[in-house]
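this one's sequence-less:
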């Protein structure tokens, strides 16, 4: 069964930063392959969904089309059963896509938590100009996903306030991939 690892959290929780470090650790092939709207890195049946280009602050699935979800479902259907698919970002971290992955694959949700103070620092560092209403909308979306009875048992929450936290999370993800 395909293992799907979805990394989510509120804006500023460190999802993209964590994914960059995970990519560095896994050292996937340097080139991107393209499957319609779903670019990915591939190495040893490990697929990293998203667009990750040097110097990009906002990457991952956030750089994809708003309509990427049907293409991602088709993409998952093409993979061998021993594959691991990892992604982060708002385009695929939706209740409907997560429910699909829960029903058809082995889903693991990694939810990143940070303090509000740490998020504010990160917003300033990346020059974020998202307004409070938009941020509250994202918080509500995440809260709805976390309270979904179907998905809550697939979710592990991690504090992501510093490099040590990130290293522990990456170790957990890699260990879980090896136990696929």
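Alright, I've got the coordinates. Here the structure is a predicted model, which is why all the values come from computation and not from measurement. Numbering: from 1, shown residues only.

quick one: the helices in this protein?
15-26, 68-77, 95-104, 116-126, 132-146, 149-152, 163-178 (DSSP state H).

Residue 1: which of those helices is closest?
Taking Cβ to Cβ, helix 95-104 is the member of the helices of the chain nearest to residue 1, at 8.6 Å. Backbone N, C-alpha and C define where each C-beta goes, glycine included.

quick one: the closest one to helix 132-146, angle?
20 degrees (axes from the mean of the first three to the mean of the last three Cα atoms, to 10 degrees).

Which other helices and strands does helix 95-104 contact?
Helices and strands touching helix 95-104, by 3 or more Cβ pairs under 8 Å, 6 or more residues apart in numbering; DSSP states H and E, are strand 3-9, helix 68-77, strand 106-113, helix 132-146, helix 149-152.

what about 6 Å?
Using 3 or more Cβ pairs under 6 Å, 6 or more residues apart in numbering; DSSP states H and E, no helix or strand is in contact with helix 95-104.

Tell me which residues of that helix come out buried.
Residues of helix 95-104 classed as buried by neighbour count (16 or more other Cβ atoms under 10 Å): 97, 98, 100, 101, 102.

Equivalent analysis for stretch 154-161, please.
154, 155, 158, 160, 161.

Check what pLDDT the first one gets.
Which is residue 154. Note for residue 154: predicted pLDDT of 90.

In contact with it, which residues?
107, 109 (Cβ atoms under 6 Å, 6 or more residues apart in numbering).

mind redoing it with 8 Å?
98, 102, 107, 108, 109 (Cβ atoms under 8 Å, 6 or more residues apart in numbering).

Name the nearest of those relative to residue 78.
residue 107 (18.0 Å).

Would you mind naming the residues that bridge with that closest one?
residue 4 (DSSP bridges).

what about it, distance to residue 132?
Look at residue 107 and residue 132: by Cβ to Cβ, to the nearest Å, they are 31 Å apart.

who's more crowded, these two?
Using other Cβ atoms under 10 Å as the criterion, residue 107 and residue 132 rank with residue 107 on top: 23 against 7.

And that one, how far from residue 97?
Separation of residue 107 from residue 97 (Cβ to Cβ): 10 Å.

Any chance of a markdown table for the contacts of residue 154, columns pLDDT and distance to residue 139?
Putting the contacts of residue 154 into a markdown table (pLDDT from 0 to 100; distance: Cβ to Cβ, whole Å) gives the following:
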| residue | pLDDT | distance to residue 139 |
| --- | --- | --- |
| 98 | 96 | 17 |
| 102 | 96 | 22 |
| 107 | 95 | 22 |
| 108 | 94 | 22 |
| 109 | 95 | 17 |
